[in-house]
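*Asks:* next input, structure requested:
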Amino acid sequence: QVQLVESGGGLVQAGGSLRLSCAASGGTFSRYAMSWFRQAPGKEREFVAGIIWSGGRTYYVDSAKGRFIISRDNAKNTVALQMNSLKPEDTAVYYCAARRQIVTTTPSEYQYWGQGTRVTVSS
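*Replies:* Model prediction:
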């Protein structure tokens with residue numbers, strides 16, 4: 001059983017930056033693909049970024065490309081999402097998720113989830 005705990009959310013002005021972190025415990029972290037999803041009020045949960053077990057390949061939703069960077073540290077059992085040039089439309093609760101094998105963009109294919117951290121971007 002893997003436990004995930006996110007941190008780093010908050011309120012930021014448009015154009016600013018935030019760094020989200022997710023700490024994992026209870027499993028062999030390096031066996032899991034890790035992803036960040038977000039859910040805005042009234043909207044479905046959407047894939048934001050993912051990273052394979054080794055960190056050697058990353059994936060992003062189009063709206064995050066060039067602004068967000070996902071990274072992982074298997075020695076520390078952490079995954080991070082550096083968010084730059086934030087926009088009001090990035091406002092959402094951000095979730096860390098884990099699954100075996102490959103990164104996918106479908107929330108139901110992830111076995112483990114954190115509790116979420118709220119990001120609010122003011123205009």
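
*Asks:* low pLDDT regions in this protein?
*Replies:* In the predicted model of the chain, no residue satisfies pLDDT under 70.

*Asks:* quick one: the strands in it?
*Replies:* Secondary structure of the chain (DSSP state E): strands at 3-7, 10-13, 18-25, 32-39, 46-51, 58-60, 68-73, 78-83, 92-100, 112-113, 117-122.

*Asks:* the second one pairs with which strands, and in what direction?
*Replies:* According to DSSP bridges, the neighbouring strands of strand 10-13, each with its direction, are strand 117-122 (parallel).

*Asks:* count of residues packed around R72?
*Replies:* By other Cβ atoms under 10 Å, the residues close to R72 number 23. For every residue, glycine as well, the C-beta is placed using N, CA and C.

*Asks:* how near is it to A24?
*Replies:* Separation of R72 from A24 (Cβ to Cβ, to the nearest Å): 9 Å.

*Asks:* okay, and the common contacts of those two?
*Replies:* Each of 34, 78-79 lies in contact with both R72 and A24 under the rule Cβ atoms under 8 Å, 6 or more residues apart in numbering.

*Asks:* can I have the buried ones of those as a ChimeraX selection?
*Replies:* Selecting the buried subset of the shared contacts of R72 and A24 in ChimeraX, with 16 or more other Cβ atoms under 10 Å as the burial test, is done by:
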select :34,78,79
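
*Asks:* quick one on the thing from earlier: closest one to T106 among the strands of the chain?
*Replies:* Nearest of the strands of the chain to T106, taken as Cβ to Cβ: strand 46-51 at 7.7 Å.
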